[in-house]
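>>> Take a look and give me a structure for this.
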Amino acid sequence: RTPADTALIAQRRVKAAIPDTARHVRKWEMAIAQLDQLADWGHTPPAVVADAGYGDSAQFRLALTARDIPYIVAIKSA
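The predicted structure follows:
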């Protein structure tokens with residue numbers, strides 16, 4: 001990444017009001033965080049159904065298993 005790229009990114013973050021502490025989070029991590037928040041509220045889904053965008057992530061499936069949440073997820077054939 002060049003200094004010009006870094007400066008452009010910084011400008012975009014300011015314009016979008018994205019704090020310096022915010023970093024990229026994978027979508028499966030966001031989904032697990034939402035499930036954890038749901039659990040904090042005293043609820044657990046009966047099951048999770050997801051496309052291959054989630055199903056291909058072993059970490060996502062392991063996180064569901066660790067939370068005793070049944071799931072059905074698609075995976076890519078490759």
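
>>> For Ala63, which non-adjacent residue is closest in space?
Ile32 (4.8 Å; Cβ to Cβ, 6 or more residues apart in numbering). In this view, the C-beta of every residue, glycine as well, is placed from N, C-alpha and C.

>>> Does that neighbour belong to a helix, a strand or coil?
Of the three states, Ile32 takes helix according to DSSP: H, G, I helix; E, B strand; the rest coil.

>>> helix or strand for Cys35, which one?
Slight slip there: residue 35 is Leu, not Cys. Here Leu35, judged by DSSP states H and E, is contained in helix 27-40.

>>> before we move on, back to that, the residue nearest to Ala63: how many residues sit nearby?
21 (other Cβ atoms under 10 Å).

>>> Looks like Gln59 contacts Trp28 (just checking).
Yes: between Gln59 and Trp28 a contact is recorded at 6.5 Å, counting by Cβ atoms under 8 Å.
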